[in-house]
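In: 3D model of this:
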Amino acid sequence: MSLARRRLAAALIAPLFIWGCAVGPDFERPKPPQGDRLTADPLPVQTASARIADGAPQRFVAGRDIPAEWWTLFHSPALDAMIRQALADSPDLAAAEAALHQARELRKAGEGAFFPLVQGSAGASRNKTAASLSPATASGSLYYSLYTAQLSISYVPDVFGQTRRTVENLAAQEEAQRFQLEAAYLTLTSNLVAAAIGEAGLREQIAATEQTIEAERESLEILRRQLSLGQVAGIDVSAQEAALAQAQAALPPLQKQLAQQRDLLAALIGRLPSEQPKARFDLASFQLPEDLPVSLPAQLVDQRPDIRAAEANMHAASAAIGVAIAAMLPQISLTANPGLTATTLAQVFTPSAAFWSLAGSATQTLFDGFTLLHKRRAADAAFEQAAAQYKETVLTAFQNVADALEALKADADALTVAVAGERAARDSLDIVKRQLAAGSINYLALLLAQQTYQQALIARVQAQAARLADTAALFQALGGGWWHRDDTRQAACDAGKDC
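Out: This next block holds a predicted model:
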């Protein structure tokens, strides 16, 4: 290689090793909240229990991990199958995955600025020189062809770290999108579990209401027979007819809610309302998890995908400050243009046809109406906004967990009371029926006992459903165990994180 070519190669390669400092702040993760509990008062070892199926106490286990497929702890094969289908067909997940893929490609595109831009061009032209001018060719011919092959190489050294900060910003945006995907995954699975439990609760309430209607109808038939025998007054029959109508009026709203719940399940698994799932859920379809995880505050900020996404947004805003600062400093660029040109194709690849040029430039903005200054200040304000949003997200997350824990304690107490109330109301109703048959009490006592039992039965069903729903809400509030999924670990590898 000739000396000139070695110098050219050195001039092209040297900028690749120019590496200055990256201006702007280096991002530091916010410190997690301190403390060893998530509620105002210390949690009990376990909740209350009730003498009913799935009425066992639930134990609060500090530091217990959450499985990736946490919904399997409810031991419902139908629910497991429905969630698998939803994860495969959900348009929400598909959209979030596409957004993550877009962010990843934008980050990779940004990394291209670390390398020189090399462009090649080739051209051919047929030309005629005006006779009044000097001939363009050595032969003196007015007609000639020109063949040119050329490379254009340009490079912007990252002296002040503008490219690095830009890529850092894009990588943080990708990270935020990855956690938004995790949030979409958690929201979908949690909504499915909640919808299935909601359906189960509605079916139980409908069954209880139908049972009440049947009992009211039987009582009405008895009273009508007694009226025909002159044993009761007509006002008693009218009161029972009103009680039956009241019980029947409670059924259509429950049926409407059940139909809407089924439509919701169809939408969550990516189907039209006319293509509802075949699975039907009742409270017996679920087994209540008895060991409940309770994360430490420092763990929660790592487990919640919304907190991690807010942190990544902070990181992106921090990097944007560096980009804004670097834009205020000198902009340096290097270019090289080697090529070949000749009037015949045969001469194009001869040494005499070679040409080249090297150039470097540095540009400093002297006055721009304070545009760059205000962009810098805007970047600072954007970081302050992201920091405030992060704090708000953390507060909301801790509130979610505390609410779920308090709800579980109250749910267990409510179920205990509801079960006792149902049994007492049923026993009272049986006694009233026997007394009425013996003629020792009037019909109004029966009507009151029936209404009390109906209310107690519905309250027990609602308490059972609430306990299941709030258990699912706790798993959701704690992050849902996304960190154990294989696809999550692979996504972290693709993003250059530890895996």
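
In: Okay, Thr335 and Glu275: tell me how far apart.
Out: Here the distance between Thr335 and Glu275 works out to 61 Å (C-beta to C-beta, to the nearest Å). Using the backbone N, CA and C atoms, a C-beta is placed for each residue, glycine as well.

In: With Ala397 instead?
Out: 35 Å.

In: neighbour count winner among the two?
Out: Remark: of Ala397 and Glu275, Ala397 carries more neighbours, 23 against 9, as counted by other C-beta atoms under 10 Å.

In: Could you report the pLDDT at that one?
Out: We note a pLDDT of 95 for Ala397 in this prediction.

In: For the spatially most central residue of the chain, give its distance to Trp70.
Out: Nearest to the mean C-alpha position of the chain, counting by C-alpha atoms, centre = their mean, stands Ala183 at 1.8 Å. Here the criterion is C-beta to C-beta. By it, Ala183 lies 15 Å from Trp70.

In: repeat for Gln246
Out: Looking at Gln246 against Trp70, where the rule is C-beta to C-beta, the gap reads 41 Å.

In: what about those two, which has more around it?
Out: Neighbour totals were compared for Gln246 and Trp70, and Trp70 leads with 25 against 14 (other C-beta under 10 Å).

In: who's in contact with the more buried one?
Out: Shown here is Trp70, whose contacts under the criterion C-beta atoms under 8 Å, 6 or more residues apart in numbering are Thr189, Phe475, Gly480, Gly481.

In: in the helix or strand hosting the second one, what's buried?
Out: Spelled out, that is Phe475. Under the criterion of DSSP states H and E, Phe475 resides in helix 443-477. Within helix 443-477, the residues that qualify as buried are 443, 445-447, 449-454, 456-477, counting by 16 or more other C-beta atoms under 10 Å.

In: what about the helices in the stretch 351-499 of the chain?
Out: Secondary structure of the stretch 351-499 of the chain by DSSP state H, counting those that start in this stretch: the helices cover 371-438, 443-477, 486-494.

In: actually the chain, not the one I wrote
Out: When secondary structure is read from DSSP state H, the chain shows helices at 3-13, 77-89, 91-111, 162-228, 234-249, 251-268, 297-303, 305-327, 345-348, 371-438, 443-477, 486-494.

In: just so I know, which of those helices lies nearest Lys31?
Out: Taking C-beta to C-beta as the measure, these were each checked against Lys31, and helix 297-303 came out nearest at 9.1 Å.

In: And the contacts of that closest one?
Out: Outside of helix 297-303, the residues within contact range by C-beta under 8 Å, 6+ apart are 30, 32-38, 63, 66, 295, 307-308, 311, 394, 397-398, 401, 478-479, 483.

In: Could you identify the buried members of those residues?
Out: 38, 66, 295, 307-308, 311, 394, 397-398, 401, 478-479, 483.

In: what about stretch 265-285, how long is it end to end?
Out: For stretch 265-285, the first and last residues are 16 Å from each other (C-alpha to C-alpha, to the nearest Å).

In: Which positions in that stretch come out as buried?
Out: Buried residues in stretch 265-285, counting neighbours by 16+ other C-beta under 10 Å, are found at 265-271, 276-277, 279, 281, 283, 285.

In: Pick out the most distant pair among those.
Out: Gly270 and Leu283 (26.3 Å).

In: that older thread, lowest mean pLDDT across the helices of the stretch 351-499 of the chain, which one is that?
Out: Out of these, the stretch the model trusts least by mean pLDDT is helix 486-494, with a mean of 59.

In: rewinding a little: the residue nearest to the residue nearest to the centre of the chain when sequence neighbours are not counted: what's it in contact with?
Out: Distances taken as C-beta to C-beta, 6 or more residues apart in numbering put Pro305 closest to Ala183, at 4.2 Å, once the chain neighbours are dropped. Listed by C-beta under 8 Å, 6+ apart, the contact partners of Pro305 are Phe179, Gln180, Glu182, Ala183, Leu186, Gly479, Trp482.

In: what pLDDT does the spatially closest residue to the last one that is not a sequence neighbour get?
Out: The one in question is Trp482. Setting aside the residues directly before and after it, Trp482 is nearest to Glu182 in space (C-beta to C-beta, 6+ apart), at 4.6 Å. Note for Glu182: predicted pLDDT of 95.

In: How about Asn169?
Out: Looking at Asn169, its pLDDT stands at 96.
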